[in-house]
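Undergrad: how would this look folded up:
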Amino acid sequence: MLTPERLQPAAGAPLLIAPGRLLRPDGVREGWAVAVQDGRFAQVAPAAELRAACPGAPLLELPQHLLMPGLVDTHTHLTQSFGKALAFGEPSEIFKRIWVPMEGVLDERAAYLSAKLAALESLRGGFTTVVDAGTRSEEGLGGVAQAAREAGIRCVLGLICNDAGNTEGEAGVRRILDRAAAFLRGFEHDPLVHPSLAISIPEAASDRMLHDVAALAKEAGRRFQTHVNEHLAAVERSLVARGLRPLELLHAVGALNDSALLAHATLLTHRELGLLQGSGAAVAYNPVASAWKGNAVLDAGMLQLLSVPFGLGTDGTRADAFRLMDAAETTQRLTHGLANGDSSCGAGWTWLDHGTHRGADAAGLGALTGRIEAGLAADFLLVDLDVPELLPSWDLGWELVRLANRDQIDAVFVNGALRLWQGWPVDWDARALMREVAGVARRDVARAPLQRVHPVSDAHRAQHAPAAGR
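TA: Model (predicted):
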């Protein structure tokens, strides 16, 4: 019987696992095994080779399990977990009415709690890496980093560098840029927290700030994050203010380079697609966010055709990696495949790849994680395949996209350490966190100046349901 104790060898000893199936970038393999030591995959090879290379070491055989890379959420907001359903049913640009007011009241402890709750949800959902776009909590960035480390999740952490409200002239610009440079240096050797610089939306920064922040990130080999073309209103504001659409503006100021990670990138014109192609910039495709609160859906198939790097992102909607892949395929089919008779829409593997190794590339971490490969960080899942939903199994890659569930994830490893066993942390008290969150979240939501347009579902039912159906 598989237990968490069997997945935690003695200090210094390797962990050898022979799963029934192993997911590589070129597909599912049988008869392979891995050796994990010092946070890395020390060896990935056919089981017989690994046995020969590690004589005497116990080999944990798991014939009913899949060992696969942990998934990568290329766009999320860890300090928005207190809001969740408050954004349901709301029209576009809810950041103005919900997220900015809510994050603005978070102190460091509240930001820490929100981020740790979000990290727990992400790990439970099969994400071993998340890309956080930055918090608007003035005191919360340190708390977010602490939460990621304690939860044990890999996090690309954004520092917001907006200067639209700068009233200090050159001194204000220098203060922001100096802080950005210090932030990049401060996390240079952190094993789990990877620094990134962010501008919330291009219109929130001057041309100079956009250029300099992107240049700083590029020089450091880190990601520059920004939201692009998420809503029609943002596109129109950019046209009015700058005479350019957001992606055109990034190109004009020299910020559309291979450091850039663009969240959403919907509503792209042919010219913008042309600018994006070959720029090196990556995109976070957020299908659930488009369905719940967006104005448009990105044609991810077009990005694939143009060789534009992209990953899948939740935008903080729900931290469930298998449902995200399903949503990516479904959204692509409903918005593009149906119109031209494309019944495959990526054949499953597209979404699996962009949720794992290609997502890691988009996040700027492709040399570190996203694949089961010797030398890379041991960020992986053990997924139970002995379930009715996968019997009989004819096409496991596509089945993972359409049929798999997070409740099949027995174990989540990040940096070689067992973080979750059957959905719960092995080295910290998630229930205690949840109890504290319940109180703090109520306090902060109550004091934040939120503005909701639509009522909650029960109130909506009372207003609109036919009398006979009540």
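Undergrad: where are the low-confidence patches of the protein?
TA: 467-470 (pLDDT under 70).
Undergrad: three-state assignment of the spatially most central residue of it?
TA: Computing the C-alpha centroid of the chain and ranking residues by Cα atoms, centre = their mean puts D73 first, at 1.6 Å. Assigned by DSSP: H, G, I helix; E, B strand; the rest coil, the conformation of D73 is strand.
Undergrad: I figured it hits D315, correct?
TA: No - the pair D73 and D315 does not pass the contact test of Cβ atoms under 8 Å, sitting 9.1 Å apart. For the C-beta atoms, the positions are set from N, CA and C on the backbone; glycine is no exception.
Undergrad: circling back: tell me what the residue nearest to the centre of the chain is bridged to.
TA: Residues in a beta bridge with D73, per DSSP bridges, are V130.
Undergrad: could you measure it against R109, distance?
TA: Distance, D73 to R109, using Cβ to Cβ, to the nearest Å: 24 Å.
Undergrad: again with L303
TA: Per Cβ to Cβ, L303 is found 40 Å from R109.
Undergrad: again, but for E219
TA: For E219, the distance to R109 (Cβ to Cβ) stands at 34 Å.
Undergrad: Give the buried residues for the helix or strand that contains M102.
TA: Assigning secondary structure by DSSP states H and E places M102 in helix 100-104. Buried residues in helix 100-104, counted by 16 or more other Cβ atoms under 10 Å: 101-103.
Undergrad: Over to stretch 219-228?
TA: 220, 222-228.
Undergrad: Residues contacting it, please?
TA: The contact list for stretch 219-228 (Cβ atoms under 8 Å, 6 or more residues apart in numbering) reads 75, 131, 133-134, 156, 158, 184, 194-202, 213-214, 216-218, 234, 246-247, 250, 255, 257, 259-265, 363-364.
Undergrad: Go through these and flag which are in strands.
TA: 75, 131, 156, 158, 194-199, 260-264 (DSSP state E).
Undergrad: Surely S343 is in a strand?
TA: No - counting by three-state DSSP, one finds S343 to be coil, located in no strand.
Undergrad: and it, what is it in contact with?
TA: Counting by Cβ under 8 Å, 6+ apart, S343 makes contact with 333, 337.
Undergrad: Equivalent analysis for N295, please.
TA: By Cβ under 8 Å, 6+ apart, the contact list for N295 reads 92, 230-232, 266-267.
Undergrad: Specify which member of these is nearest to M325.
TA: Closest to M325 out of the contacts of N295 is T266 (18.9 Å), distances taken as Cβ to Cβ.
Undergrad: Let me know whether the closest one touches S290 as I believe.
TA: Yes - at 6.5 Å, T266 and S290 qualify as touching, with contact defined as Cβ under 8 Å.
Undergrad: which neighbours do the two share?
TA: The contact sets of T266 and S290 overlap at 296-298 (Cβ under 8 Å, 6+ apart).
Undergrad: ok, T317 touching V288?
TA: Yes - using Cβ under 8 Å, T317 makes contact with V288 at a distance of 4.3 Å.
Undergrad: Please identify the buried residues of stretch 433-440?
TA: Residues of stretch 433-440 classed as buried by neighbour count (16+ other Cβ under 10 Å): 433, 437, 440.
Undergrad: likewise stretch 275-291?
TA: Here stretch 275-291 shows 275-276, 279, 281-290 as buried, counting by 16+ other Cβ under 10 Å.
Undergrad: will you turn the buried residues of helix 100-104 into a markdown table that also has distance to P55?
TA: Formatted as a markdown table, those follow (distance: Cβ to Cβ, whole Å):
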| residue | distance to P55 |
| --- | --- |
| P101 | 62 |
| M102 | 57 |
| E103 | 54 |
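Undergrad: which among these gets closest to A42?
TA: Closest approach to A42 among these (Cβ to Cβ): E103, at 41.2 Å.
Undergrad: Please name the nearest non-neighbouring residue to the closest one.
TA: Using Cβ to Cβ, 6 or more residues apart in numbering and skipping the chain neighbours, the partner closest in space to E103 is R136 (4.0 Å).
Undergrad: how close does that neighbour sit to E236?
TA: Per Cβ to Cβ, R136 is found 23 Å from E236.
Undergrad: of the two, who's got more company?
TA: Neighbours were counted for R136 and for E236 using other Cβ atoms under 10 Å; R136 has more, 20 against 11.
Undergrad: Quick check: phi and psi at that one.
TA: For R136, the backbone dihedrals (degrees, to the nearest 10) come out as phi -90, psi 0.
Undergrad: mind listing what it touches?
TA: For R136, the contact set (Cβ under 8 Å, 6+ apart) comprises 79, 99-100, 103-104, 160.
Undergrad: Kindly report the same for Q8.
TA: 15, 418, 426.
Undergrad: hmm, try it at 6 Å
TA: The neighbourhood of Q8, defined by Cβ atoms under 6 Å, 6 or more residues apart in numbering, consists of L418.
Undergrad: any idea how far it is from A265?
TA: Counting by Cβ to Cβ - Q8 and A265 are separated by 41 Å.
Undergrad: do the same with D315
TA: In this view, D315 and A265 are 12 Å apart by Cβ to Cβ.
Undergrad: Among the two, which residue is more densely surrounded?
TA: Legend: neighbour count by other Cβ under 10 Å for D315 and A265, higher for A265 (28 against 25).
Undergrad: so the nearest residue to that one once chain neighbours are set aside, which of the three states?
TA: Nearest non-adjacent residue to A265, counting by Cβ to Cβ, 6+ apart: V283, 4.6 Å away. Secondary structure assignment for V283 (three-state DSSP): strand.
Undergrad: Who does V283 form a beta bridge with?
TA: Beta bridges link V283 to L262, F310 when assigned by DSSP bridges.
Undergrad: Would you enumerate the residues in contact with it?
TA: 262, 265, 310 are the contacts of V283 under Cβ under 6 Å, 6+ apart.
Undergrad: For the first one, grab the count of nearby residues.
TA: It refers to L262. Neighbours of L262 under the rule other Cβ under 10 Å: 29.
Undergrad: Kindly report the same for H75.
TA: Neighbour tally, H75, other Cβ under 10 Å: 29.
Undergrad: can you pull the contacts of the nearest residue to it once chain neighbours are set aside?
TA: Computed as Cβ to Cβ, 6+ apart, the closest residue to H75 that is not its neighbour in sequence is G313, at 3.0 Å. Residues near G313 by Cβ under 6 Å, 6+ apart: 73-75, 284, 286.
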